[in-house]
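# build me a structure from this.
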Amino acid sequence: MSTGPDMITVSGLQKSYGSHRVLDGIDLRIPEGSIFSLLGPNGAGKTTTVQILSTLIKASGGQVTVAGHDLAAKPDSVRAAIGVTGQFSAVDGLLTGEENLRLMADLHRLGRSRGRKKARELLERFDLTAAARKRASTYSGGMRRRLDLAMTMVGNPRLIFLDEPTTGLDPRSRRSMWGIVRELVSEDKVTIFLTTQYLEEADQLADRIAMLNGGRIVAEGTAQELKRLVPGGHISLKFADSAGYQLALRGVGPISRNDEALTLLVPNSGGTTTLRGLTEWLDTNAIKVEELSVHTPDLDDVFLALTESR
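Purely as a prediction, here's the structure:
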């Protein structure tokens, strides 16, 4: 994760529609060159947050800086530094992939020669060269997402808002998009603001994750930090023989047990202290373990725990 200056800083962000407050004082700091994911149930305020940060709607209160520009005072400067892509693409199905990219180059006033060169480079980079002269309406879902992202890259954005970029894609296409996103960060030094309904996607990609519920941030941290917020983590021990199992049963402490399977479940908060102490104790007592595995709650567990009762 990048430790450079912040690409986005948000302080006390609010948005209301009449008496209905959608965002109720959000604070965020997103470093340059990182992937940040905003999660939350439907109606939590995710889309509103993205719309404000990408200059589509105005905030009711708070201070926001994007790419070094005050959002309220210099929205045009913010727009010049960002790109937005996702579930509902800007691809024109009647145009070919190459024509879509050339059109975007024209909108960015790159000129004929530079525009064509940029289009060729992006078609190759996003693995669309073979389909360059086919209408975009014939593209698969994954190809349309890649073309949409390629069109966003025509303007060399420093920050890209990815709004549910893999919704509806098959697992292979989804993982292909994950690779592209990682490459944008590592090679182009782009900052990614990701919203997704796939918690595995945030787990795989994001350096930091914030969970939004009822217009407020209810938790923020790395995926591992968030997983440690909810109970359920444990170390599973399957023993090679009954003698070792019985000895461990007496010496390990508070546990869950399965006598038939010779398996013990030892509570674990997610750190290494419990695991280290347990393995040292087993070695000291010469107890043979056939299988050892560490289980931690996943982001689905965290999401449900932090949002279902609020």
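# farthest residue from the center of this protein?
Taking Cα atoms, centre = their mean, the residue of the chain most remote from its mean C-alpha position is residue 243, at 46.4 Å.
# just the buried residues of the helix or strand where that one lies, please?
Element membership of residue 243 [criterion: DSSP states H and E] is helix 242-251. For helix 242-251, the neighbour count (16 or more other Cβ atoms under 10 Å) marks 244-245, 247-248 as buried. Every residue, glycine included, has its C-beta placed from N, CA and C.
# phi, psi for residue 66 please.
Main-chain torsions, residue 66, degrees, to the nearest 10: phi -130, psi 120.
# so what's it scoring on pLDDT?
At residue 66, the model reports a pLDDT of 97.
# now swap in residue 257 and tell me
As predicted, residue 257 sits at a pLDDT of 88.
# equivalent analysis for the one 5 residues further on, please.
At residue 262, the pLDDT value in this model is 93.
# could you find the closest non-adjacent residue to residue 127?
residue 146 (6.8 Å; Cβ to Cβ, 6 or more residues apart in numbering).
# just checking, residue 52 touches residue 63?
No - applying Cβ atoms under 8 Å as the test, residue 52 and residue 63 come out as separate, 11.7 Å apart.
# which one of the two is surrounded by more residues?
Comparing residue 52 with residue 63 by neighbour count (other Cβ atoms under 10 Å), the higher total belongs to residue 52, at 25 against 14.
# helices and strands around the strand or helix carrying that one, which ones?
Residue 52 belongs to helix 46-53 when assigned by DSSP H and E. The contact analysis (3 or more Cβ pairs under 8 Å, 6 or more residues apart in numbering; DSSP states H and E) places helix 46-53 against strand 6-17, strand 20-31, strand 35-39, strand 61-66, strand 159-163, strand 191-195.
# just to revisit the earlier point, shared neighbours of residue 52 and residue 63, anything?
Taking Cβ atoms under 8 Å, 6 or more residues apart in numbering as the contact rule, residue 52 and residue 63 both touch residue 13.
# all set now, cheers.
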